[in-house]
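Enquirer: One predicted model, sequence on top.
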Amino acid sequence: MGLATARQLLHHYPGITVSVLEKEPEPGQHQTGHNSGVLHCGLYYTPGSLKARLAVEGIRQMAEFCSLHNIPHEICGKLVVATNEAEATRMEKLYQRGKANGLEGLEKLDQNQMREIEPHVGGIAALKVPQEGIVDYPAVVMALVREIESLGGQIITNAKVNGLLLIAIIAAITLVHRTQVNSKKQNITDQINVQAKDRMRFASIDKKSTKEPK
């Protein structure tokens, strides 16, 4: 999210200075680079909601971005499968929700129809969602980094933000501990100060914090 926002800022306001502070040695080391790789098309979200609008428009923009940067992706579609009558009733509501969100090609399938697509699937019925997709998110991250840098932005890695110090109404100092490896392969940590007129905070999900408790 931080990289995508930086890219948009640089496109909308050419010539501005944009810096992304990344606490890890390289971007995408947590949830962004370790998710399911699914491109959601807006099937599940309440019609008219911000999530629905962003999903419908977002998958279109992501597919265009991937094509432009030769990133592996596929709008392969998916099956939402109902294993009993109660789930079939809920699936009907999903169908209506997807139609309201503007999804195209939604199709309700019986057992025989869904097994023509996936012979080993169980269940009593399915909903075909052709606009769903998959993508290589680590490749997306690296393409975003390259584009940000080509537009004059910078990614400062090994830079953990420890605090903000307000020095004026229009400026703040971000206190950053930056860890680097010296010639003897020793970790050297020092503090750098980054001054900014405007700042935005994007706290991603840390894969280290999502482990099951022992």
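Expert: Sure, I can see it.
Enquirer: ok, which stretches of the chain are strands?
Expert: Under the criterion DSSP state E, strands of the chain are mapped to 19-21, 38-39, 73-74, 78-82, 107-110, 125-129, 133-135, 154-156, 159-168, 171-181, 187-196.
Enquirer: how is the chain carved up into domains?
Expert: Using automatic domain parsing, the domain ranges for the chain come out as 2-35+151-210, 38-135.
Enquirer: Need the winner for burial among those.
Expert: Most buried of these, by mean neighbour count (mean count of other CB atoms under 10 Å): domain 38-135, with a mean of 16. Yep, even glycine has a C-beta here, placed from its N, CA and C like the rest.
Enquirer: While we're on Gln191, how confident is the model there?
Expert: We have a pLDDT of 56 for Gln191.
Enquirer: err, Ser36, not the other one
Expert: pLDDT for Ser36: 89.
Enquirer: From Thr157, how far out is it?
Expert: 25 Å (CB to CB, to the nearest Å).
Enquirer: now do Leu9
Expert: Counting by CB to CB, the gap from Leu9 to Thr157 is 19 Å.
Enquirer: And Ile71, by the same measure?
Expert: 21 Å.
Enquirer: Run through who's touching the lengthiest helix in the chain.
Expert: Counting residues, the longest helix in the chain under DSSP state H turns out to be helix 50-68. Residues from elsewhere that reach helix 50-68 (CB atoms under 8 Å, 6 or more residues apart in numbering): 39-42, 45-46, 71-73, 75, 101-103, 131, 133, 135, 140, 143.
Enquirer: I'm done for today, thanks for sticking with me.
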